[in-house]
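# Predicted model and sequence below, questions to follow.
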Amino acid sequence: MGATHGVQSQSGFRGREDTVAESSDTTWFAPINTSWVAFALDTNFRVRFEIKLHSLTLGRDFPSGFFTLWYSHNGGSFTQVKHDSSVIKSVSSSVSGYNDDDDTTQLIGSNPPFKTANNQVNAGDSLTSSFTWLWVDGTIQYVETEWVLQLISADLNGGDTVELRIRKFGGAAFAGGYTYFPIITAGERRIFNTS
């Protein structure tokens, strides 16, 4: 009988400003697993995701996983987020010392065991954020990944929605499903009369 590979699911999220260190538990837009309205388009922000792995049961380590971020605009089909995407794109952080592939700390989940190495931030990378899973047979494990993003005003109208989901490298959806996922609503554009 062969080893059973782990099954991933997206189990949490939280959005915040791109203004603080990775480990700072501040500048959140809303409570955990709560979507929000974004008025500041063309401005960096971050979304942190918690990913749950149902571990192996027959004594074999799950291989390093490479994951991608995908978006759905107004309920349409999902498209991969890249550095040159329309609607929403991956960008470099404006915070000094916040770098692509830095390890993350556990900020939005409280579930053990939490993998403390190679849970990575994604800042300006067009492809993946990667994780290496622990070898702990039969247990559930958690990681967090945080993505630096920008909503593109030229591609959005007020009231438009952008749903985000982490997927496997290559685009396959998580077999364990999506318990929580952000739906960001573009705020109405404000026009000021200066006359």
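Received, thanks.

# pLDDT weak spots in the chain?
By pLDDT under 70, the low-scoring segments of the chain are 1-6, 55-65, 113-121, 123-139, 189-195.

# rerun that using 50 as the cut-off
1-4, 58-64, 132, 192 (pLDDT under 50).

# Now do the strands in it.
7-17, 37-38, 44-54, 65-73, 78-80, 88-90, 121-122, 129-131, 140-151, 161-168, 183-186 (DSSP state E).

# Kindly compare burial across those and name the winner.
Among these, strand 121-122 has the highest mean neighbour count (mean count of other C-beta atoms under 10 Å), at a mean of 25. (Each C-beta comes from the backbone N, C-alpha and C, glycine too.)

# rewinding a little: next, format the strands of the chain as CSV and append distance to residue 101.
Shown next, in CSV, are the strands of the chain (distance: least, C-beta to C-beta, whole Å):
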stretch, distance to residue 101
strand 7-17, 19
strand 37-38, 26
strand 44-54, 15
strand 65-73, 12
strand 78-80, 18
strand 88-90, 13
strand 121-122, 7
strand 129-131, 8
strand 140-151, 11
strand 161-168, 16
strand 183-186, 24
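
# Tell me which of these lies nearest to residue 100.
strand 121-122 (6.4 Å; C-beta to C-beta).

# that older thread, nearest to residue 30, of the strands of the chain?
Once the strands of the chain are compared by C-beta to C-beta, strand 7-17 is nearest, at 6.8 Å.

# That closest one: how far from the chain's middle?
6 Å (C-alpha atoms, centre = their mean, to the nearest Å).

# So what touches it?
Residues outside strand 7-17 that contact it (C-beta atoms under 8 Å, 6 or more residues apart in numbering) are 26-34, 36, 44-54, 65, 107-109, 142, 164-166, 168, 174-182, 184.

# again with stretch 83-96
Under C-beta under 8 Å, 6+ apart, the answer for stretch 83-96 is 18-21, 44, 46, 69, 71, 73, 79, 81-82, 99-100, 121-126, 147-152, 155-156, 162, 164.

# which residues does residue 28 contact?
So residue 28 contacts 14-16 (C-beta under 8 Å, 6+ apart).

# Turn these into CSV, including distance to residue 40.
Converted to CSV, those look like this (distance: C-beta to C-beta, whole Å):
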residue, distance to residue 40
14, 17
15, 12
16, 12
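
# partner residues bridging residue 88?
residue 151 (DSSP bridges).

# separation between it and residue 97?
Distance of residue 88 to residue 97, computed by C-beta to C-beta, to the nearest Å: 24 Å.

# Pull the distance from stretch 86-96 to the chain's centre.
That offset, for stretch 86-96, works out to 13 Å (C-alpha atoms, centre = their mean).

# Report the buried residues of that stretch.
Within stretch 86-96, the residues that count as buried by 16 or more other C-beta atoms under 10 Å are 87-91, 93, 95.

# do the same with stretch 97-109
98, 102, 104, 106-109.

# Quick one: end-to-end distance for stretch 23-43.
End-to-end distance of stretch 23-43 (C-alpha to C-alpha, to the nearest Å): 21 Å.
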